[in-house]
Structures are given as C-alpha cells and as structure tokens.
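**Q** attaching a predicted model along with its sequence, questions to come.
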Amino acid sequence: MTQTLAIANQKGGVGKTTTCVNLAASLVANGRRVLVVDLDPQGNATVGSGVDKDAVELSNYDLLMGQANVESVRCQALKGGFDLLPGNADLTAAEVALVGEGEGRERHLLDALAPIRDQYDHILIDCPPSLNVLTVNAFVAADRVLIPIQCEYYALEGLSALLNTIARVQQTVNPALEIEGLVRTMFDGRNNLANQVGAQLDTHFSGQVYRTLIPRNVRLAEAPSHGLPVLQYDRSSAGAVAYMALASELLRRQRTNKAQVGDKS
Ligand code: ADP
Ligand code: MG
C-alpha cells in the first residue's frame with residue numbers, strides 16, 4: 001500500500017523542503033520506491049533534487065490545471081533515486097485559478113496522482129508555506145501529514161491554525177487523513193530554549209513527536225546548492241545520519257500502525 005505524506009507547516013524556513021528531499025533519498029536507501037511532489041511555487045524541492053525548475057517543460061501547474069497527464073510531468077531526481085513532479089513559480093497561477101474554481105478545486109492533485117500512485121511505496125508532498133488551496137490539495141491527496149517544527153520561541157504559534165485546517169479536511173473531503181507526527185528540525189541541544197520547546201511539544205503532542213531529532217548541520221544547508229540530497233553529498237554527515245534515522249523511524253511506525261489496524265480487524 002502506498003503511503004502519501006504531506007509535509008506541511010505554514011511557517012517558512014522550518015525545514016519542510018529539507019525533510020522532504022532527504023527523507024525521500026533515505027527511504028530510497030531503504031529500498032522503497034519514492035515520488036516527491038513539489039507544490040511550492042519556490043520550487044526548492046525541485047532544485048534540491050537537481051532539476052532545473054525553470055527549464056522543465058511541464059510542471060505541477062500543468063498537472064493541476066489538467067493540461068498535462070502525470071506521466072508527462074514526471075521526471076527523475078539527478079541522484080537520490082526518486083521520481084519528481086516538479087514545481088516552479090507557475091504554481092502561483094495555479095493557486096489563483098483554483099481559488100476561482102468552485103466545488104472540486106481541492107481534489108485536483110488527488111485525481112492527478114491516481115494513475116501512478118500504485119507505482120510507489122511513498123509519495124512525499126512538499127507544501128508551500130501557507131494554508132492555501134495548494135496545501136489543501138496536498139491534504140486531500142495525502143493519508144498523513146508530517147509537520148516539521150523548528151524549536152524556537154514562536155514554534156507553537158500557528159500550529160493551531162494548521163491543526164484546524166487538517167480537521168476541516170478530515171470533516172469534509174478526506175476523513176481518513178491522519179497526523180503522522182511532528183519532527184523537530186534544526187535542533188541545537190546546547191540551546192536551552194530549543195530544549196524547553198522540544199519538551200513542551202512532547203507534553204502537548206505525546207506519542208506524535210518523532211524521537212529522531214534533526215540537528216542543525218551545515219551539510220544539510222549546502223547539499224541543495226549541488227542539487228543533491230545530503231546522503232549523496234556527504235553520507236557521513238550528522239544530517240545524513242539523522243535523516244536515515246528519521247526514515248527508519250517512519251518505517252517502524254508504519255509497521256506498528258499496520259499491526260494495530262490488523263489487531264482491530
Ligand atoms: P521550508 O521548506 O520549511 O521553508 P527549508 O527546508 O527550505 O524550509 O529550510 C530553510 C533553510 O534552512 C534552508 O536554507 C535550508 O537549507 C536550511 N536548513 C534546513 N534544515 C536544516 C538543518 N537541519 N541544518 C541546517 N540548515 C538547515
Ligand atoms: Mg520549502
């Protein structure tokens with residue numbers, strides 16, 4: 001069964017794209033078939049996958065507008081072994097067009113992915129830093145939402161708006177949507193505030209906070225400028241080790257969830 005994960009947080013710069021690209025490469029290293037969907041007009045996941053966002057002939061704009069089929073939009077990451085549905089600034093126009101559309105505007109991505117969904121073990125959707133119609137399309141196409149959190153003073157601010165949006169999608173178009181978990185990113189254990197916020201998250205969201213901490217690591221910041229996941233850039237770096245651990249934890253949680261579902265039936 002395919003697991004479709006929306007990686008979302010309307011705050012910018014919290015590590016969504018870094019998590020998306022590096023989790024993708026780490027899942028591939030575990031033998032999984034992975035597709036990355038770049039839904040952010042900034043196209044950072046596309047660039048970080050080694051694909052020229054401005055040179056692609058077709059992008060998720062064409063896909064969401066129904067002007068191209070998914071096979072013709074799909075390309076491959078330069079290295080890293082995953083497939084990519086690229087995004088770029090054209091997505092801003094898609095957002096405007098979708099907002100103007102009536103009923104059904106939230107289902108475009110779900111419908112567009114349907115023909116290829118079964119070809120993958122994991123589909124990772126990199127969301128824009130906003131709770132807009134593109135993000136809602138991701139929540140409708142996804143089974144689960146992974147929320148990267150940077151442990152700083154304002155980390156929890158805005159989280160309730162994100163959870164409300166998820167709840168609204170659960171109550172309407174996608175009742176099966178679940179929260180996969182919260183991932184603490186750019187973590188610096190020497191920083192007292194980071195430790196306090198990390199502990200606060202554990203209290204408020206017990207069981208939903210990933211054990212794996214993603215440390216602040218310069219290799220993670222450098223890798224995208226080479227169009228590479230950190231695993232292909234410097235596989236012994238702390239960042240590469242952390243994202244391998246995150247992939248292992250995700251796979252472990254997936255097996256546990258499956259076993260629990262099995263228990264119930
Ligand atoms: P978002 O997609 O949420 O906007 P990004 O993943 O693009 O966030 O991260 C924001 C910036 O921080 C980028 O320049 C990225 O390279 C850098 N970054 C992300 N995670 C880390 C990390 N763990 N250590 C160091 N730099 C990081
Ligand atoms: Mg991003």
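**A** That came in fine, so what should we check first? Ligands and ions are numbered 1, 2, ... in the order given.

**Q** wouldn't K11 be in contact with P128 here?
**A** No: the pair K11 and P128 does not pass the contact test of CB atoms under 8 Å, sitting 11.3 Å apart. Just so you know, the C-beta spots here come from the backbone N, C-alpha and C atoms, and that holds for glycine as well.

**Q** pick out whichever of those two has more residues nearby.
**A** The neighbour count for K11 versus P128, taken as other CB atoms under 10 Å, is higher for P128 (22 against 19).

**Q** quick check: pLDDT value at the nearest residue to the more buried one once chain neighbours are set aside.
**A** The shortest distance from P128 to any non-neighbouring residue, by CB to CB, 6 or more residues apart in numbering, is to D40 (4.2 Å). pLDDT for D40: 98.

**Q** next, count neighbours for D40.
**A** Neighbour number of D40 under other CB under 10 Å is 24.

**Q** and L64, by the same measure?
**A** 27.

**Q** let me see the contact set for whichever residue of the stretch 51-200 of the chain sits closest to ligand 1.
**A** Nearest residue of the stretch 51-200 of the chain to ligand 1: M186, at 4.4 Å (CB to the nearest ligand atom). Contact partners of M186, counting by CB atoms under 8 Å, 6 or more residues apart in numbering, are V14, G15, Q150, C151, I214, P215, R216.

**Q** where in the stretch 151-265 of the chain is pLDDT low?
**A** Counting by pLDDT under 70, the stretch 151-265 of the chain has low-confidence residues at 264-265.

**Q** need the residues of this structure near ligand 1, please.
**A** Residues of the chain lying near ligand 1 by CB under 6 Å from any ligand atom: 12-18, 44, 129, 185-186, 214, 216-217, 220-221, 224, 239.

**Q** buried only: go through these for me.
**A** 14-18, 44, 129, 185-186, 214, 216-217, 220, 224, 239 (16 or more other CB atoms under 10 Å).

**Q** and the residue nearest to P128, how far is that from ligand 2?
**A** 5 Å (CB to the ion, to the nearest Å).

**Q** now do the contacts for that residue.
**A** Per CB under 8 Å, 6+ apart, neighbours of D40: K16, T17, G87, L91, D126, C127, P128, P129, L134.

**Q** count of residues packed around the last one?
**A** Other residues near L134 come to 25 when the count uses other CB under 10 Å.

**Q** could you report the pLDDT at it?
**A** 98.

**Q** quick check: it vs E249, distance?
**A** 28 Å (CB to CB, to the nearest Å).

**Q** for the third one, same thing?
**A** Using CB to CB, one gets 27 Å for the distance from G87 to E249.

**Q** neighbour count winner among these two?
**A** Legend: neighbour count by other CB under 10 Å for G87 and E249, higher for G87 (32 against 15).

**Q** in space, what's closest to the more buried one - neighbours in sequence excluded?
**A** D38 is the one closest to G87 (CB to CB, 6+ apart), at 3.4 Å.

**Q** so who does A97 touch?
**A** With CB under 8 Å, 6+ apart, A97 has these contacts: M65.

**Q** quick check, the residue in the stretch 51-200 of the chain closest to ligand 2?
**A** D126 (6.0 Å; CB to the ion).

**Q** isn't that residue up against N9?
**A** No: D126 is not in contact with N9 according to CB under 8 Å; the separation is 11.1 Å.

**Q** which parts of the protein are strands?
**A** With strands called from DSSP state E, the chain shows them at 3-7, 34-38, 75-76, 83-85, 122-126, 144-150, 178-185.

**Q** export those to CSV and tack on distance to V169?
**A** Formatted as CSV, those follow (distance: least, CB to CB, whole Å):
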stretch, distance to V169
strand 3-7, 10
strand 34-38, 17
strand 75-76, 29
strand 83-85, 21
strand 122-126, 13
strand 144-150, 9
strand 178-185, 11
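
**Q** so for Y243, which of those sits nearest?
**A** strand 178-185 (10.1 Å; CB to CB).
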